[in-house]
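A.B. asks: coords below, sequence missing:
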Ligand SMILES: N[C@@H](CC(=O)c1ccccc1NC=O)C(=O)O
């Protein structure tokens, strides 16, 4: 265990399953290529459709909803979010913050506002958050950006009726990292009321050994430091975010490794809650 409370390499506790260690490089690559598990279309078409539909929905949301685009949540050029508002004019709204996926190296807020229509219609404000993807940003910087984007919403809308975080894939990982955040250090505790984690990965060690790491260049240390699966139950204090409901979801047709990641993350959350809360 080091000073960050990070367990030594490979010590995931008794009973931990690490089937990925037995896989060939080719199999591991496939397990961590979500587009190859789409059942209806070929991987390239799946990726094209995903970004095409997202871009179209974003243009539609920007044309039809009251919104503030490129709102700066910090001083960095990449510290930007688009905020979409419901018809009701109020500061006391629930806020839904979305963090896109793309293995920390692709995707943007400009193709990720597909949930804006249904949520704003229900009286929810939606913030779609950009962060500096690789190679511009490092994973540690992205985690910091996500933390600052949440603090920005809390400070700007102190009367909010709850902050709900949602992330998809790599974005689910970034959202889950708030469970390790030390909010008192940041001078504001966000009014977190819910976490929606969709098809995320929470133990980054297997990812390090795939070609997806070529741009991100995560070391094993970076991966462990940024793996809530490995840090949650050894974190020194009960994470503030654990006081709210956490929904861990995974797509039916995602790879067995993606299913295992979500399942084991659920287990560690429940274990941590029973120990610390
Ligand atoms: N190169 C990956 C792309 C990918 O992983 C991805 C694409 C869009 C949204 C999320 C993704 N994965 C995780 O963040 C693949 O082929 O599946």
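C.D. replies: Arrived safely. Only a predicted model underlies this, so the values are computations on that prediction, with no experimental measurement involved.

A.B. asks: can we go C-alpha only for contacts and neighbour counts from here?
C.D. replies: Noted.

A.B. asks: Tell me which residues are up against stretch 174-184.
C.D. replies: If you take C-alpha atoms under 8 Å, 6 or more residues apart in numbering as the criterion, stretch 174-184 is touched by 99, 142-143, 146-147, 165-167, 189-190, 195, 197, 202, 226-228, 231-232, 235, 239-242.

A.B. asks: Counting only strands, which of those make the cut?
C.D. replies: Using DSSP state E, the members of the contacts of stretch 174-184 that fall within strands are 99, 165-167, 195, 197.

A.B. asks: I'd like the residues you listed as JSON lines, with distance to residue 222 and pLDDT appended.
C.D. replies: Putting the ones in strands among the contacts of stretch 174-184 into JSON lines (distance: C-alpha to C-alpha, whole Å; pLDDT from 0 to 100) gives the following:
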{"residue": "99", "distance to residue 222": "20", "pLDDT": "99"}
{"residue": "165", "distance to residue 222": "23", "pLDDT": "98"}
{"residue": "166", "distance to residue 222": "23", "pLDDT": "98"}
{"residue": "167", "distance to residue 222": "20", "pLDDT": "98"}
{"residue": "195", "distance to residue 222": "24", "pLDDT": "97"}
{"residue": "197", "distance to residue 222": "21", "pLDDT": "98"}
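
A.B. asks: I'd like those as TSV, with neighbour count and distance to the ligand appended.
C.D. replies: Shown next, in TSV, are the ones in strands among the contacts of stretch 174-184 (neighbours: other C-alpha atoms under 10 Å; distance: C-alpha to the nearest ligand atom, whole Å):
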residue	neighbour count	distance to the ligand
99	26	10
165	26	16
166	24	13
167	22	9
195	25	17
197	26	12
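
A.B. asks: okay, among those, which ones form the most distant pair?
C.D. replies: 99 and 195 (11.4 Å; C-alpha to C-alpha).

A.B. asks: shared neighbours of these two, anything?
C.D. replies: 165-166, 175.

A.B. asks: just these now: which is nearest residue 40?
C.D. replies: Nearest member of those to residue 40, counting by C-alpha to C-alpha, is residue 166, at 25.4 Å.

A.B. asks: Specify the beta-bridge partners of the closest one.
C.D. replies: For residue 166, the beta-bridge partners are residue 98, residue 196 (DSSP bridges).

A.B. asks: In contact with it, which residues?
C.D. replies: 96-99, 172, 175, 195-198.

A.B. asks: Relative to residue 105, which of these is nearest.
C.D. replies: residue 99 (13.0 Å).

A.B. asks: Surely that closest one touches residue 130?
C.D. replies: Yes: applying C-alpha atoms under 8 Å, one finds residue 99 in contact with residue 130, separated by 7.4 Å.

A.B. asks: Quick check: buried residues in the helix or strand residue 258 falls within?
C.D. replies: Taking DSSP states H and E as the definition, residue 258 sits inside helix 256-276. Neighbour-count burial for helix 256-276, with 16 or more other C-alpha atoms under 10 Å as criterion, is recorded at 257-262, 264-266, 268-269, 272.

A.B. asks: Of those residues, which are in range of the ligand?
C.D. replies: Among these, no residue lies close to the ligand (C-alpha under 6 Å from any ligand atom).
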